[in-house]
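Participant: Fold the following for me, if possible:
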Amino acid sequence: MGYNLDEKTRRLLILIKLDSNALYKRIIKRRKEYLHSFSLHRTREHFPDIFDSKLSGATPELLVNLPEEIIYLYDQFYNLVDDMFWYLKHTQDMGATVDDKITQWIIRLQKVFDQLDIYLDASLQGRKLAEEEIDLLKAELGNQGEDISGF
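Facilitator: Sure, this is the predicted structure:
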């Protein structure tokens, strides 16, 4: 059984896909630079350039028509990003500790991002994931200590 998406929902899925991809790539690709700048100068001015997202504060009204798996993964992804940003804005940890913590966050973020991307692609193709695919994704999230009861 597949999803029957209206045009507005389809466009929102595309926007989420584009925004989450851009945000994830900035966090990964610019990691050395933003951590170096933080460690060397103890400045936080550059973090909004990395962690800015057009959709991180989306309202429930905007998300209500999305498949529930996407809502759940969307929430996990943007909350992890927000947690990273908050930590970097407020930490007094030294450079090596910050690097270690960001590494751990990125590992978790990658798993959630990959799963969000899989669900977005499936939904945009108008299909639901098979039970076996969902079980595999749940197992991967479960291994990271995430609460996967949302789907």
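Participant: in this protein, which spans are helices?
Facilitator: Along the chain, counting by DSSP state H, helices occupy 7-29, 31-41, 47-51, 60-63, 68-90, 95-124, 131-142.
Participant: Which elements pack onto the fifth one?
Facilitator: Packing contacts for helix 68-90, counted by 3 or more C-beta pairs under 8 Å, 6 or more residues apart in numbering; DSSP states H and E, involve helix 7-29, helix 47-51, helix 95-124. Heads up, the C-betas are built off the backbone N, CA and C, glycines and all.
Participant: Show me the residue at the heart of the chain, geometrically.
Facilitator: With distances taken as C-alpha atoms, centre = their mean, Phe77 lies nearest the centre of the chain, 2.6 Å away.
Participant: Averaging pLDDT per element, find the lowest-scoring helix or strand in the protein.
Facilitator: Sorting the helices and strands of the chain by mean pLDDT, DSSP states H and E puts helix 131-142 at the bottom, at a mean of 66.
Participant: With Val64 as the reference, name the closest of the helices and strands packed on helix 68-90.
Facilitator: Nearest to Val64 among those is helix 7-29; the distance by C-beta to C-beta comes to 9.7 Å.
Participant: That'll do, ta.
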